[in-house]
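*Asks:* need coordinates for the below:
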Amino acid sequence: QIESGIAGVSEERLRRLAAHYACDDEALIAGLVAMATERKRGWWEKYRGSLPHAFLDLAELEHHAGVQWDVDFLHIAGLLQTEDYSRALFSYVNP
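*Replies:* I've put the predicted structure just below:
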């Protein structure tokens with residue numbers, strides 16, 4: 001029920017789960033606790049019932065995120081698909 005979002009998770013249970021999974025990153029645990037205990041209804045809630053739950057979950061995660069990284073891939077078929085082209089293309093990528 002917690003995983004599917006039917007039931008919320010308390011701070012105590014979240015901390016017990018983190019201990020069970022040997023997670024000792026206090027900043028991560030504190031962030032999860034803040035997300036779990038903040039029960040305000042966000043702007044996305046008015047779309048519940050008209051959009052799939054996955055979209056609403058993503059909107060909530062983006063709302064709580066401090067940083068968002070996007071990765072885009074470009075596929076060019078044909079002559080440009082050579083080893084040299086790939087090396088040049090990926091040399092601009094910051095790993």
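
*Asks:* C-alpha only now, for contacts and for neighbours.
*Replies:* Will do.

*Asks:* tell me who's in contact with Gly49.
*Replies:* Contacts of Gly49 were listed using Cα atoms under 8 Å, 6 or more residues apart in numbering, and none were found.

*Asks:* where along the protein do the helices fall?
*Replies:* According to DSSP state H, the chain carries its helices in the segments 11-20, 26-37, 53-64, 83-90.

*Asks:* out of those, which gets nearest to Asp70?
*Replies:* Asp70 lies closest, by Cα to Cα, to one member of the helices of the chain: helix 53-64, at 12.1 Å.

*Asks:* so who does the spatially most central residue of the chain touch?
*Replies:* Nearest to the mean C-alpha position of the chain, by Cα atoms, centre = their mean, lies Leu61 at 5.7 Å. Residues near Leu61 by Cα under 8 Å, 6+ apart: none.

*Asks:* show the pLDDT at it.
*Replies:* Per-residue confidence at Leu61 stands at 82 (pLDDT).

*Asks:* cool, and Asn94?
*Replies:* Asn94 is given a pLDDT of 67.

*Asks:* so where's the protein uncertain?
*Replies:* Residues of the chain meeting the criterion pLDDT under 70: 4-6, 39-40, 75-80, 94-95.

*Asks:* count the neighbours of the spatially closest residue to Leu56 that is not a sequence neighbour for me.
*Replies:* Distance criterion Cα to Cα, 6 or more residues apart in numbering; nearest residue to Leu56, sequence neighbours excluded, is Trp44 at 6.1 Å. If you count neighbours by other Cα atoms under 10 Å, Trp44 ends up with 15.

*Asks:* likewise Leu74?
*Replies:* Residues contacting Leu74 under the criterion other Cα under 10 Å number 6.

*Asks:* residues contacting it?
*Replies:* By Cα under 8 Å, 6+ apart, the contact list for Leu74 is empty.

*Asks:* measure it to Pro52 for me?
*Replies:* For Leu74, the distance to Pro52 (Cα to Cα, to the nearest Å) stands at 28 Å.

*Asks:* number of residues surrounding Arg15?
*Replies:* 19.

*Asks:* swap that for Ala34, please
*Replies:* Look at Ala34: counted by other Cα under 10 Å, it has 13 neighbours.
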